[in-house]
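Novice: What follows is a predicted structure for the sequence shown.
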Amino acid sequence: MDMLVSTGWLAAELEAPDLAVLDASLHLPNAQRDARAEFEAAHIPGARFLDLAGLHDPQSALPGKVPDGQRIARWLGERGVGPQTRIVLYDDSMLRSAARAWVLLDLAGLANIAVLDGGLAKWRAEDRPLEAGMPATNPADRPATAVRMTDIRDKSAMLANLDSGGEQVIDARDADRFTGTTQDTVHDLPGGHIPGARHLFFRDVLNDDGTFREPDELRALFERAGIDLDRPIVTTCGSGVTASVLLFALRLLGAPSTALYDGSWSEWGADPETPKETGAPR
């Protein structure tokens, strides 16, 4: 199974007994949207609600930190997703949060996971069937897995990278928050960015219908942002969600070395000791 699948592919595979479709919608608080209520109102037939908002490290004070493999296995098992199941993730979110769910499951070593290209919006636009309610699920046993910590960066690693320059850093937030023109109201912090970071707004890797751009277009976007795809790359944003969209796009392109700064600006921007830059990338 490819890591990005079309609505047509999913429609043909929807009845397959080894396939689990998971709604991974996640919204910012100011969006005033309830992902669970929206799922109950309408979802792809047979889909289950992932509740991505709860799939994080509960011991961390930072929002949405990557959970351990035991929590991920339990979370999926409670939703009836067995270890041999193919998983398709979709969302109906401006954050394109299915990519975040894909990154979490990939970091936990899962194979056969995919994102539905265009998400629920494209499925709806094509007048494909929907159903309502919260489906009952039979819990499944899943062995705990180990999260691939080599592909996650913490603040100390990002500080060390300021000196070494071994990894390129690219920020997925909008230009105004990146440059510091506006405050980061999502995390109640001043705008700005990690020194030396490049910038590519996550929505720019998507077409108007929410599908991912073609590989040659994606490659050109990263190159124009000053990123060498053959060198190590770390993605960042406000709290690791939209950084996952860039990370997913990089993986689509086959970038050989990618990592996620999961604390992102919610950690870096809140620390008075970390250096910050404003303005356009140098």
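Specialist: Sure, I can see it.
Novice: what about the helices in the stretch 1-150 of the chain?
Specialist: In the stretch 1-150 of the chain, the helices defined using DSSP state H, counting those that start in this stretch lie at 7-13, 35-41, 69-78, 98-107, 119-125.
Novice: measure Gly238 to Arg203 for me?
Specialist: Gly238 sits 14 Å away from Arg203, going by C-beta to C-beta, to the nearest Å. Every residue, glycine included, has its C-beta placed from N, CA and C.
Novice: Between the two, tell me which one has more neighbours.
Specialist: The neighbour comparison of Gly238 against Arg203 (other C-beta atoms under 10 Å) goes to Gly238, with 24 against 16.
Novice: quick one: pLDDT of that one?
Specialist: For Gly238, the pLDDT comes out at 95.
Novice: So it, which state does it fall into?
Specialist: Look at Gly238: counting by DSSP: H, G, I helix; E, B strand; the rest coil, its state is coil.
Novice: quick one, what contacts the most centrally placed residue in the chain?
Specialist: The chain has Arg100 as the residue nearest its centroid, 1.9 Å off, counting by C-alpha atoms, centre = their mean. Listed by C-beta atoms under 8 Å, 6 or more residues apart in numbering, the contact partners of Arg100 are 24, 26, 52, 64, 240-241, 244-245.
Novice: Closest one to Pro135 out of those, please.
Specialist: Relative to Pro135, the closest of the contacts of Arg100 is Ala24; by C-beta to C-beta it sits at 15.7 Å.
Novice: ok, how many other residues are close to the closest residue in space to that closest one that isn't next to it in sequence?
Specialist: Spatial nearest neighbour of Ala24, chain neighbours left out: Ala101 (3.7 Å); criterion: C-beta to C-beta, 6 or more residues apart in numbering. Close neighbours of Ala101, defined as other C-beta under 10 Å, add up to 25.
Novice: And Arg148, by the same measure?
Specialist: So Arg148, with other C-beta under 10 Å, has 14 neighbours.
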